[in-house]
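In: Pasting a predicted model and its sequence here:
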Amino acid sequence: MSWTLNTTAWAAIALVLMAAETFIPGAFLLWMGIAAALVWLVVLLFPGLGLLVQVVLFVVLSVVAVLAYLKWGRRRERPSDRPLLNRRAEQHVGRVVVLDRAISGGQGRVKIGDAYWVVSGPELEAGTRVRVVAANGMVLEVREVD
């Protein structure tokens, strides 16, 4: 077992890919880094392996590692306790609010907290109580409360 250009290169590739995972999260580069580390071990144990064989081994191991993660690894991820955290409009679905501006031409406005939201729905007068029934992008769809 000796450190040659090939073994050094695969070790460096493995470290760079694993370190890049911290800057570009998504558990994709991590598995490619693990594949590079496995190729490094193979090249360390079998120093006469050709470069083409090494690259093919890396590609195959990368694909297998990423597919294995996608199939089995994602199932174990903990579900979020706040799934709507970054979807502000959807957080308001079900809420009853008062129209700040009448719905005319299909659009109006409500105030929720300290923010104004564009709403869509049937023609209604300002001051009408409405329920948010859906969120389409940043536009809340409302219906009159009975």
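Out: That came in fine, so what should we check first?
In: ok, Ala12 - how many residues close by?
Out: Neighbour count of Ala12, defined by other C-beta atoms under 10 Å: 12. All C-beta atoms are positioned from the backbone trio N, CA, C, and that covers glycine.
In: what's the next secondary structure element after the helix or strand harbouring it?
Out: Element membership of Ala12, judged by DSSP states H and E, is helix 5-23. Downstream of helix 5-23, the first helix or strand assigned by DSSP H and E is helix 29-45.
In: Could you chop the chain up by domain?
Out: Following automatic domain parsing, the chain resolves into domains at 5-76, 89-144.
In: Put together TSV for these, with distance to Arg82 on each row.
Out: TSV is the format used below for the domains of the chain (distance: least, C-beta to C-beta, whole Å):
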stretch	distance to Arg82
domain 5-76	18
domain 89-144	9
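In: rank those domains by pLDDT, which is bottom?
Out: Ranked by mean pLDDT, the domains of the chain end with domain 5-76 at the bottom, a mean of 86.
In: From the chain's centroid, how far away is it?
Out: 22 Å (C-alpha atoms, centre = their mean, to the nearest Å).
In: Same check on stretch 132-146?
Out: So, by C-alpha atoms, centre = their mean, the centroid of stretch 132-146 is 26 Å from its chain's centroid.
In: Can you tell me what sits against stretch 65-73?
Out: Ala27, Phe28, Trp31, Met32, Ile34, Ala35 (C-beta atoms under 8 Å, 6 or more residues apart in numbering).
In: just the buried members of those residues?
Out: Phe28, Trp31, Met32, Ile34, Ala35 (16 or more other C-beta atoms under 10 Å).
In: Which neighbouring elements make contact with the helix holding Ala12?
Out: Counting contacts by 3 or more C-beta pairs under 8 Å, 6 or more residues apart in numbering; DSSP states H and E, helix 5-23 packs against helix 29-45, helix 51-68.
In: Mind listing what's buried along the shortest one?
Out: What it means is helix 29-45. Buried-residue list, helix 29-45, by 16+ other C-beta under 10 Å: 29-40, 42-44.
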